[in-house]
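Engineer: Take a look and give me a structure for this.
(one chain, ligands or ions: 1)
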Amino acid sequence: MRTVIMGSGKGTNCYSLLDAFASGLLNTTEIIGVFSDNPNSGILDIAKGAKIPGLYLGPYDRLNAEKDKTWIDEIKNLNPDLIVLAGFMRVLSKQFIEAFDSRIINLHPSLLPCFRGLNAIKQAWDAGVKITGCTVHWVSPDLDCGEIIAQAPVRVMTSDTLESVTAKVQAAEHMLLPSVVAEISQGMKPCE
Ligand code: GAR
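Structural biologist: Numbering: from 1, shown residues only. I've put the predicted structure just below:
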């Protein structure tokens, strides 16, 4: 399964996917490219270190048809079977999603449908929840609303701080995302 990763940030989830690939968990998956809307994103350095093509494609704006098309065309050139949003912080256009036949998944740091959007871990922390976690879902045009594929829970304990909860959610993400990519590579498809 030809897999492209898109991200805006540090890239720790990209790293966990590459690590899973190296250790054989993703043996039917090939990571063929990494794209970012942030020229300083760590994800580009991780791609470089792994000798995978990594490209800054300029800012992504779903309302700018020309920019949207640039992104679609660049990624289409690689002919991917799956796109993984690993910390990609922009909402994709309907055209983008349709261009890839809805075969796009997103990782989100909360137990959706709770705490959609930005700063989800802090939203959960501020709400005082005792269980939070992370979600992988198929991408739809509405923010963090597509069909849920898998989730991992994280317990918030009295001794926790926002920083320790963030670390626990990220550790859960590093396990969850590779396992979902492995499952999709074994034939799971998005619902119609
Ligand atoms: C991850 O925690 C991911 O869930 C979050 O960005 C972080 C990226 O970390 N994504 C979102 O908030 C999307 N709404 P990384 O760059 O270290 O992989």
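
Engineer: quick one: residue 38 from the ligand, how far?
Structural biologist: Going from residue 38 to the ligand by CB to the nearest ligand atom, to the nearest Å gives 10 Å. No exception for glycine: its C-beta is placed from N, CA and C like everyone else's.

Engineer: cool, residue 96 as well?
Structural biologist: Noted for residue 96: a distance of 16 Å to the ligand, by CB to the nearest ligand atom.

Engineer: Show me what the host helix or strand of that residue is packed up against.
Structural biologist: Taking DSSP states H and E as the definition, one finds residue 96 inside helix 94-99. For helix 94-99, the helices and strands in contact under the criterion 3 or more CB pairs under 8 Å, 6 or more residues apart in numbering; DSSP states H and E are helix 65-76.

Engineer: other SSEs contacting the helix it packs on?
Structural biologist: Helix 65-76 is packed against strand 30-36, helix 94-99, with contacts defined by 3+ CB pairs under 8 Å, 6+ apart.

Engineer: Give me the below-cutoff pLDDT ranges for the protein.
Structural biologist: 191-192 (pLDDT under 70).

Engineer: Reformat the helices and strands packed on helix 65-76 as a markdown table; add mean neighbour count.
Structural biologist: Putting these into a markdown table (neighbours: other CB atoms under 10 Å) gives the following:
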| stretch | mean neighbour count |
| --- | --- |
| strand 30-36 | 22 |
| helix 94-99 | 16 |
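
Engineer: Let me see the ranges of the helices in the chain.
Structural biologist: Assigned by DSSP state H, the helices in the chain fall at 12-22, 42-49, 65-76, 94-99, 120-127, 162-185.

Engineer: Just give the closest residue to residue 43, not the sequence neighbours.
Structural biologist: With CB to CB, 6 or more residues apart in numbering as the criterion, residue 43 has its nearest non-adjacent residue at 3.2 Å, and that residue is residue 11.

Engineer: and the residue of the chain found nearest the ligand, how many neighbours?
Structural biologist: Nearest to the ligand in the chain, going by CB to the nearest ligand atom, is residue 87, at a distance of 2.5 Å. Using other CB atoms under 10 Å as the criterion, residue 87 is surrounded by 25 other residues.

Engineer: Starting from residue 78, give me the distance back to it.
Structural biologist: 20 Å (CB to CB, to the nearest Å).
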